[in-house]
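> coords please:
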Amino acid sequence: MIADALPDHARGKPPEVWFQDEARVGQQGTLTRIWAPRGSRPRAPRDTRDTWACIFGAVCPERGVTAALVMPHADTQAMNARLAEISRTVAEDAHALLVLDGAGWHGAKALKVPDDITLLPLPPYAPELNPIENVRAYLRANRLAISVFETCDDIVARCCDAWNVFANDIATVRSITTREYAKPVKDWGRWYHRLSLHSWTVRPRTTTALRTSDGSGRLKDARRSECRHGRR
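Have a look, this model is predicted:
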């Protein structure tokens, strides 16, 4: 059980366990299995260009909700934008334990962690303990594989569509990301989560795409894709 990881102001609040990671999606794409007649060798397109974007995805399995941004780069500034998006999705009066790996921008000094989030780093070399890795594999196999993207806008649009389809399917969100070692329990009048480090889910229905027009790293031209109302 993780109790010492919580700051003093979060004690007594219902905790939420969130898992997060990044997935790079580009023009070179991913191949996957397809249906074909026995004995045949079906053809599939494969691009050689190298334009790409990153899906910054996060999931809360218990609630079946997600938060995601599609960004041009994986860096501290993008991580700060993602933390702000997760914070807006955390339930009112709750506190989020955000499980993440040891990427440099996950623990940078310039990171701005909201008051309702506590970062919980995974042990080294343990990606199998983060179920968001399974989400990345699911999206690649079912929504992003065997595709040719002409422009960066095409990549961003496909990433937004893929994540929104996933986020709207609460049963799939919970099925892929629920883990027995991250279940809430209540003991002695206080909330905890069972997280064993030794054995060791955008506002709902929303994805944001942020792009840069120059190399400065400043976030510009925010575009929000609202699945619920079909707006962009």
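> Could you use CA atoms for every contact and neighbour count after this?
Noted.
> any chance you could map the strands in this structure?
Ranges of strands in the chain, per DSSP state E, are 15-26, 52-60, 65-71, 95-100, 117-121, 183-187, 190-194, 206-211, 220-226.
> Export only the CA atoms of the fourth one, formatted as PDB.
In other words, strand 95-100. Extracted in PDB, the C-alpha atoms of strand 95-100 (Å, rounded to 0.1, in the frame of the first residue of the first chain):
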ATOM      1  CA  HIS A  95      -6.100  13.100  -5.400                       C
ATOM      2  CA  ALA A  96      -4.300  11.300  -8.300                       C
ATOM      3  CA  LEU A  97      -1.400   9.000  -8.000                       C
ATOM      4  CA  LEU A  98       0.200   9.200 -11.500                       C
ATOM      5  CA  VAL A  99       2.300   6.100 -12.300                       C
ATOM      6  CA  LEU A 100       5.000   6.800 -14.800                       C
END
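> what angle sits between it and strand 117-121?
With axes from the mean of the first three to the mean of the last three CA atoms, to 10 degrees as the basis, strand 95-100 and strand 117-121 are set at 30 degrees to each other.
> begin at 37 from here
That works, and once the first residue is 37, the last one we named lands at strand 131-136.
> got a list of what the closest residue to Glu58 other than its chain neighbours touches?
Among residues not flanking Glu58 along the chain, Phe92 sits closest, at 4.6 Å (CA to CA, 6 or more residues apart in numbering). Residues near Phe92 by CA atoms under 8 Å, 6 or more residues apart in numbering: 56-59, 104-107, 118.
> for Glu58, same thing?
90-93, 110.
> out of the residues you listed, what pair is the most spread apart?
Spanning the widest gap among these are Gly93 and Ala110, at 11.9 Å by CA to CA.
> if we can go back for a sec, could you measure from the residue nearest to Glu58 over to Trp199?
10 Å (CA to CA, to the nearest Å).
> tell me, what's touching these two both at once?
Common neighbours of Phe92 and Trp199 (CA under 8 Å, 6+ apart) are Ala104.
> returning to that earlier point: quick one: which of Gly93 and Ala110 has more around it?
Gly93 (24 against 20; other CA atoms under 10 Å).
> okay, now Leu158: neighbour count?
With neighbours defined by other CA under 10 Å, the count for Leu158 comes to 16.
> Next: Gly62.
Neighbour tally, Gly62, other CA under 10 Å: 25.
> hey, what's it bridged with?
Trp88 (DSSP bridges).
> Contacts only, for it.
86-89, 185, 191.
> mind checking how far it is from Leu180?
10 Å.
> ok, and the closest non-adjacent residue to the residue nearest the centre of the chain?
Centroid-nearest residue in the chain: Gly93, 1.4 Å away (criterion: CA atoms, centre = their mean). Using CA to CA, 6+ apart and skipping the chain neighbours, the partner closest in space to Gly93 is Ala104 (4.3 Å).
> Tell me the confidence at that neighbour?
At Ala104, the model reports a pLDDT of 94.
> now Asp151
At Asp151, pLDDT is 93.
> Distance of it relative to His131?
Counting by CA to CA - Asp151 and His131 are separated by 8 Å.
> what is in contact with those two at once?
Common neighbours of Asp151 and His131 (CA under 8 Å, 6+ apart) do not exist.
> the more surrounded of those two?
Neighbours were tallied for Asp151 and for His131 using other CA under 10 Å; the higher tally belongs to His131 (24 against 12).
> Wait, Ile212 touches Asn166, no?
No. The pair Ile212 and Asn166 does not pass the contact test of CA atoms under 8 Å, sitting 10.9 Å apart.
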